[in-house]
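[1] Generate a structure from the sequence data that follows.
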Amino acid sequence: MPDLALKKVTWREWLGLAAGLLALVALFLPWMTLTASRPEIEDVLKTLPADDVTRDAWRSGFLAWAPVFLLFLPGLAVVLFGRVDAVRRAGLPHLWLMAAIGALLLMLLGWLSLDWQFDADQRGILSAAGIEIGSGLGRYLGLLAAVVSAVVAFVDVRRLRAETRVRRP
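    Residues are numbered from 1 along each chain as shown. Next up is the predicted model:
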C-alpha cells in the first residue's frame, strides 16, 4: 500500500494543487465582459441583465473551461501520488508539466479567439455601437494559475532529475 501521508507532500505539490483550485474558483468569475467607451452606451449596458454583459468560463466556450481541468486534475494527482516513488519515477512530474503547458496554450488560444464567441454580424453590431469585447477577472486568474502551475511543474521535473541522478551508482 503506498504511503499517502499528507505531511510528506512538498511545497511544489501543494502549490500545484493551489493553482488548480484557483483555476476552479476562476471558472465562476467573469471571463468575458462587454464594455463601451461612450457613456450613453455604457449606461445601456448597465441596464442589461448581467449574464448578457459578462460570461463565466462555462458560457465562454471550451477554451475557457477545459484548461482549468488540465490544471486541477494533475494538481490533485501530484498531491495524492507525488510521494509514491514508482509513480514519480514513471513520469508524474512530466505529465504535470505537459498538462500545465497544454492548459497555458489553450488559455492563450482562448484569449486570442475571445471575440469569436460572437458571429460576424454580432461583432459588427457591437463594433458599430462602440462596444468592446474584453477579458474578465476569471481569465486573468486562470492564466495566472496556469503560469504558476507550469513553473512549479518545471521545478519539480528538475528536482526529479536531480533525485534520479543521486540514486545511480
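[2] What helix or strand is W65 located in?
    helix 62-81 (DSSP states H and E).
[3] what about the strands in the protein?
    Taking DSSP state E as the test, the strands found in the chain are 32-36, 54-55, 131-135.
[4] Sheet-wise, list the partners of the shortest one with their directions.
    Using DSSP bridges, the neighbouring strands of strand 54-55 in the sheet come out as strand 32-36 (antiparallel).
[5] Would you mind getting the angle between the strand it pairs with and helix 62-81?
    Here strand 32-36 runs at an angle of 140 degrees relative to helix 62-81 (axes from the mean of the first three to the mean of the last three CA atoms, to 10 degrees).
[6] hmm, who's touching strand 32-36?
    With CB atoms under 8 Å, 6 or more residues apart in numbering as the test, strand 32-36 has contacts from 42, 44-45, 52-55, 60, 64, 114, 117, 126, 129-136, 139. Using the backbone N, CA and C atoms, a C-beta is placed for each residue, glycine as well.
[7] and with 10 Å instead?
    Contact partners of strand 32-36, identified using CB atoms under 10 Å, 6 or more residues apart in numbering, comprise 41-46, 48, 52-57, 59-61, 64, 110, 114-115, 117-118, 126, 129-139.
[8] Make a PyMOL selection of whichever of the residues you listed turn out to be buried.
    To isolate the buried members of the contacts of strand 32-36 in PyMOL, using 16 or more other CB atoms under 10 Å:
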select buried, resi 41+45+53+54+55+56+57+60+61+64+110+114+117+126+131+133+135+136+138+139
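[9] Pull out the buried positions in stretch 142-157.
    Neighbour-count burial for stretch 142-157, counted by 16+ other CB under 10 Å, picks out 142-143, 145-146, 148-150, 152-157.
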